[in-house]
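Asks: Structure of the sequence below:
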Amino acid sequence: MSIRTVISKALESAYIKGLIATLFAVGLVGVGAIGSRAAGAICGQADPANDVVYCGAGSISNLVNDYDHGVPGHDTAKSIQDIYGWSGFGITSDDIHSMVTGANGEKVVMGFVTRDTNEVVVNGKVVATDALSAGRGDIPGSTQRDNNGTIFYTNTPKQSFLNPTLSAYVVMKNGVFQFAIISSCDNPVSGHHTPPPPPPPTPKCNCVKVSVDQTSSTNFIFHATGSVSGGAVLTGFMYTILDSNGNTITTHQAGADGVWNYTQTTPGDYTVEAVAQAKTPDGKTITSSLSPDCKKPFKVPTPQAQFASCVELSATAPDSSGNVDFTATESHSAGEKVTKLMVDFGDGSTPFTTTTTTPVPNTPDTFQATTSHTYTQSATATLTVDYLNTIDNTTSTSDNCTATITIPSTPPPTCTPGQIQVNGQCETPSCENGGLTGAVCQSTPPAPLPSTGASDEIPAATVGLSSTVTAAGYYIRSRRKYASRGKIVAFIDRLKR
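Replies: Take a look at the predicted model:
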């Protein structure tokens, strides 16, 4: 081979090596320029004086290697370890190696550190605040630190970042932020862990209680109440009826008010159960579990023979004023209800009515009501009772119970001799001014008889006439209610003449 050829090949080899070196340098500069402000400003600039690991390791495995051995010609392993191990960061050798092995339970995820808010963000969520970084350059606003003789400077991302964000390896353990390392320069980042926001409460609903109102032997009103949480909205209740063997008889969907009117005609023991239903914020339907207070027994009794009747209308004897006390007695079974008890007094007055009767002690199914009335004449009182059968809603009226009220007539008075009866009273008659007047008057003494001669004898005819007149006056006076005074006076006058 000629000397010229050897020289040519040597030059060619040198050119290629130079080109490769140049391209490598350009690549490093390109990588280091990410996020740089200007020459001498921050981590990764063309003059990477601020990088803790010269121009960044490029990968986690390379970072571990640089941490253990340093970057020849630039950063010693001790200086890297001193900066990471400073108390403000507290990153140990185990922490660095665990980024690869996961031996300490750390998990490395890619995130970024923000400039304007000094936060560490992973998957769109802030995992740390008050971020603090460190570098080898004295950037304005930085604080100089010394750890084991290694001088470095700490600063906030807002002081040292040019770009709004820089990518970082974020180390988490059990969901808690540990530390971060900026991937372009391997500068460490500490921060205050931000607990993740609590998960939204789980929508829930609950049946609080069920009440049973038995309105008749076969009719029931069920009323369920419920509660919700976690944004759920109560929509209704699902009822289930079980027989005494636990078999489902029927189910019913009730609204949010929880009311169900239920009819069961078959006698027996039953149980009603209710569970609450609700809608979640995302529109899903949820159902509560069965709570003890939402499970209640109820019973349909065996029907008994129904009866309702008037028993007796008793009356006391009228007192001196004609007052009479009545006791109305009626009897009915449990399925019957009094809608009207009426006592017709029989004298044309307003009847007594009531819907309330009082149980008679020690006499099952027997009830009474009392009233009173004043009579002026004899009459027959009548008791009738109207009923409603609450089982089949039929109505009926009892037979009549009666009581006869007798008002006795006043006996005529017994008059003394010389008295007469006038309107049921004894009176003494008298004559005044030629007639009978006054109810109780004294008789006027007769005028002296006229003298008739020496013997002063009165002819018999005259005596007889006077006696007749007097007797007639008594007679007519006793019959005054049958004739007018004018006729009596005229009659007496004729007799006197």
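Asks: Quick one: the strands in the stretch 51-200 of the chain, in order.
Replies: 106-114, 120-122, 125-135, 143-147, 150-155, 165-173, 176-182, 188-193 (DSSP state E, counting those that start in this stretch).
Asks: Format these as JSON lines; extra columns: mean pLDDT, distance to residue 66 and mean neighbour count.
Replies: To be clear about C-beta, it is placed using only N, CA and C from the backbone, and glycine gets the same treatment. Below are the strands of the stretch 51-200 of the chain laid out as JSON lines (pLDDT from 0 to 100; distance: least, Cβ to Cβ, whole Å; neighbours: other Cβ atoms under 10 Å):
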{"stretch": "strand 106-114", "mean pLDDT": "94", "distance to residue 66": "16", "mean neighbour count": "18"}
{"stretch": "strand 120-122", "mean pLDDT": "96", "distance to residue 66": "22", "mean neighbour count": "21"}
{"stretch": "strand 125-135", "mean pLDDT": "95", "distance to residue 66": "15", "mean neighbour count": "21"}
{"stretch": "strand 143-147", "mean pLDDT": "96", "distance to residue 66": "18", "mean neighbour count": "13"}
{"stretch": "strand 150-155", "mean pLDDT": "96", "distance to residue 66": "15", "mean neighbour count": "20"}
{"stretch": "strand 165-173", "mean pLDDT": "95", "distance to residue 66": "13", "mean neighbour count": "21"}
{"stretch": "strand 176-182", "mean pLDDT": "95", "distance to residue 66": "11", "mean neighbour count": "24"}
{"stretch": "strand 188-193", "mean pLDDT": "95", "distance to residue 66": "13", "mean neighbour count": "20"}
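Asks: Distance to residue 296 added to the ones you listed, as TSV?
Replies: As requested, those are arranged in TSV below (distance: least, Cβ to Cβ, whole Å):
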stretch	distance to residue 296
strand 106-114	53
strand 120-122	53
strand 125-135	49
strand 143-147	72
strand 150-155	70
strand 165-173	52
strand 176-182	50
strand 188-193	51
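Asks: For residue 340, find the nearest of those strands.
Replies: For the strands of the stretch 51-200 of the chain, the distance to residue 340 is smallest for strand 125-135, at 77.7 Å, taking Cβ to Cβ.
Asks: Run through the neighbouring helices and strands of the closest one.
Replies: strand 106-114, strand 120-122, strand 150-155, helix 157-160, strand 176-182, strand 188-193 (3 or more Cβ pairs under 8 Å, 6 or more residues apart in numbering; DSSP states H and E).
Asks: and the angle for that strand with strand 150-155?
Replies: Using axes from the mean of the first three to the mean of the last three Cα atoms, to 10 degrees, the direction of strand 125-135 lies 140 degrees away from that of strand 150-155.
Asks: C-terminal to the host helix or strand of residue 396, what's the next element?
Replies: Per DSSP states H and E, residue 396 falls inside strand 395-397. Using DSSP H and E, the next helix or strand after strand 395-397 towards the C-terminus is strand 401-405.
Asks: Indicate each strand paired with whichever helix or strand comes after that following strand and its parallel or antiparallel sense.
Replies: Toward the C-terminal end, the helix or strand that comes next after strand 401-405 (DSSP H and E) is strand 420-422. Sheet pairing of strand 420-422 (DSSP bridges) gives strand 425-427 (antiparallel).
Asks: what comes up buried for the partner strand?
Replies: Within strand 425-427, the residues scored as buried using 16 or more other Cβ atoms under 10 Å are 426-427.
Asks: ok, back up a step: any chance of the helices and strands packed on strand 125-135 in a markdown table with distance to residue 313 as columns?
Replies: Formatted as a markdown table, those follow (distance: least, Cβ to Cβ, whole Å):
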| stretch | distance to residue 313 |
| --- | --- |
| strand 106-114 | 97 |
| strand 120-122 | 95 |
| strand 150-155 | 110 |
| helix 157-160 | 105 |
| strand 176-182 | 92 |
| strand 188-193 | 93 |
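Asks: The strand holding residue 396 - contacts with which helices or strands?
Replies: strand 379-389.
Asks: Neighbouring strands - and their directions - for the strand it packs on?
Replies: Here strand 379-389 is paired, per DSSP bridges, with strand 336-344 (antiparallel), strand 395-397 (antiparallel), strand 401-405 (antiparallel).
Asks: Ok, which of these comes nearest residue 297?
Replies: Closest approach to residue 297 among those is made by strand 336-344 (25.6 Å; Cβ to Cβ).
Asks: same question for that closest one, mean pLDDT?
Replies: Strand 336-344 carries an average pLDDT of 94.
Asks: show me the contacts for residue 355.
Replies: For residue 355, the contacting residues are 338-341, by Cβ atoms under 8 Å, 6 or more residues apart in numbering.
Asks: what do you get if the cut-off is 10 Å, keeping everything else the same?
Replies: Listed by Cβ atoms under 10 Å, 6 or more residues apart in numbering, the contact set of residue 355 reads 337-341, 369, 386.
Asks: Could you pick out the buried ones from those residues?
Replies: For the contacts of residue 355, a burial check counting by 16+ other Cβ under 10 Å picks out 338, 341, 369, 386.
Asks: Need those residues in a markdown table (columns: distance to residue 267).
Replies: Listed next are the buried ones among the contacts of residue 355 as a markdown table, based on distance: Cβ to Cβ, whole Å:
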| residue | distance to residue 267 |
| --- | --- |
| 338 | 25 |
| 341 | 31 |
| 369 | 33 |
| 386 | 28 |
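Asks: now for the residues you listed, which pair is the farthest apart?
Replies: Maximum pairwise distance in the buried ones among the contacts of residue 355, criterion Cβ to Cβ, is 13.1 Å, between 369 and 386.
Asks: relative orientation of the helix or strand harbouring residue 314 and strand 401-405 in degrees?
Replies: Taking DSSP H and E as the criterion, residue 314 maps to strand 308-315. Orientation of strand 308-315 against strand 401-405 (the same axes, to 10 degrees) gives an angle of 10 degrees.
Asks: Bridging across strands, which residues link to residue 279?
Replies: Taking DSSP bridges as the rule, residue 279 bridges to residue 233, residue 285.
Asks: and the gap between it and residue 54?
Replies: Distance, residue 279 to residue 54, using Cβ to Cβ, to the nearest Å: 61 Å.
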